[in-house]
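In: Below is the structure, and that's it, no one-letter string:
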């Protein structure tokens, strides 16, 4: 059996061939709270879109929350799965990210997350739609929620936004230290037992 591999003389290259331009971050227009739903892959894509939307709105992104799926029943938080500090630091020159709403802002909503209006936006919305429809509400209320937040940004977007999506996915999002350590142990064990040749299969829930 012939396995798929890179051509001789070629190597895998990241989708970002150069550093993203760093535009000066002006005063934040408010706080964006999103709830990523679905499985881990969907949640990852939702996080990438959330970073992009925060940039479009010039909003401060609150570290994404995960929807408690009726199937998975997983109560993991962002920091349980991803390296939260690394995520925030990696994107600090492009998007403001905080772990939680500042206390003074939260008090305006009676310390109740459900009191913050949930904008149930349609799927695959364009960047211009967010500017026209979501930004005015954000400016008025200071904080908005979008839950659920899956496939909420169109594939087609300005190149800077696409680049930010890519950077988030391949650079800013890395697994938490316990997960990375476990993964390294598993890979080392497989390599030793297989002589370095093995196939990794992603088993779908379906």
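Out: Nice, thanks for sending it over. On a predicted model such as this, the values are computed, not experimentally measured, just so you know.

In: With adjacent residues omitted, what lies nearest to residue 153?
Out: With sequence-adjacent residues excluded and distances taken as Cβ to Cβ, 6 or more residues apart in numbering, residue 153 is closest to residue 49, at 4.3 Å. (Each C-beta comes from the backbone N, C-alpha and C, glycine too.)

In: Could you do residue 43 as well?
Out: Residue nearest to residue 43 in three dimensions, not counting chain neighbours: residue 36, with 4.0 Å by Cβ to Cβ, 6+ apart.

In: can I assume the one you found is in contact with residue 150?
Out: Yes - counting by Cβ atoms under 8 Å, residue 150 is a contact partner of residue 36 at 7.1 Å.

In: Now the residue positioned nearest the centre of the chain: closest residue in space that isn't a chain neighbour?
Out: Closest residue to the average C-alpha location of the chain: residue 47 at 1.8 Å, with Cα atoms, centre = their mean. Once flanking residues are discounted, residue 47 sits nearest to residue 64: 5.2 Å by Cβ to Cβ, 6+ apart.

In: residues in contact with residue 75?
Out: Listed by Cβ atoms under 8 Å, 6 or more residues apart in numbering, the contact set of residue 75 reads residue 68.

In: the more surrounded of residue 36 and residue 150?
Out: Higher neighbour count among residue 36 and residue 150: residue 36, with 23 against 17, using other Cβ atoms under 10 Å.

In: How about the contacts made by that one?
Out: By Cβ under 8 Å, 6+ apart, the contact list for residue 36 reads 42-43, 46-47, 50, 64-67, 148-150.

In: so how far is residue 55 from residue 152?
Out: Going from residue 152 to residue 55 by Cβ to Cβ, to the nearest Å gives 14 Å.

In: Provide a list of residue ranges in this protein with pLDDT below threshold.
Out: 1-23, 69-72, 205-206 (pLDDT under 70).

In: the strands in this protein, which residues?
Out: Per DSSP state E, the chain carries strands over the ranges 31-36, 60-62, 65-66, 97-98, 143-146.

In: In TSV: those strands, plus distance to residue 180.
Out: What follows is those, written out as TSV (distance: least, Cβ to Cβ, whole Å):
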stretch	distance to residue 180
strand 31-36	20
strand 60-62	23
strand 65-66	19
strand 97-98	21
strand 143-146	30
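
In: Greatest separation within the contacts of residue 36: which pair is it?
Out: Spatial extent of those (Cβ to Cβ) is set by the pair 42 and 65 at 14.0 Å.

In: wait, residue 143 sits on residue 34?
Out: No - assessed by Cβ under 8 Å, residue 143 is found out of contact with residue 34, at 11.7 Å.

In: before we move on, back to that, intersection of neighbour lists for residue 36 and residue 150?
Out: 42, 46.

In: Good, we can wrap up now.
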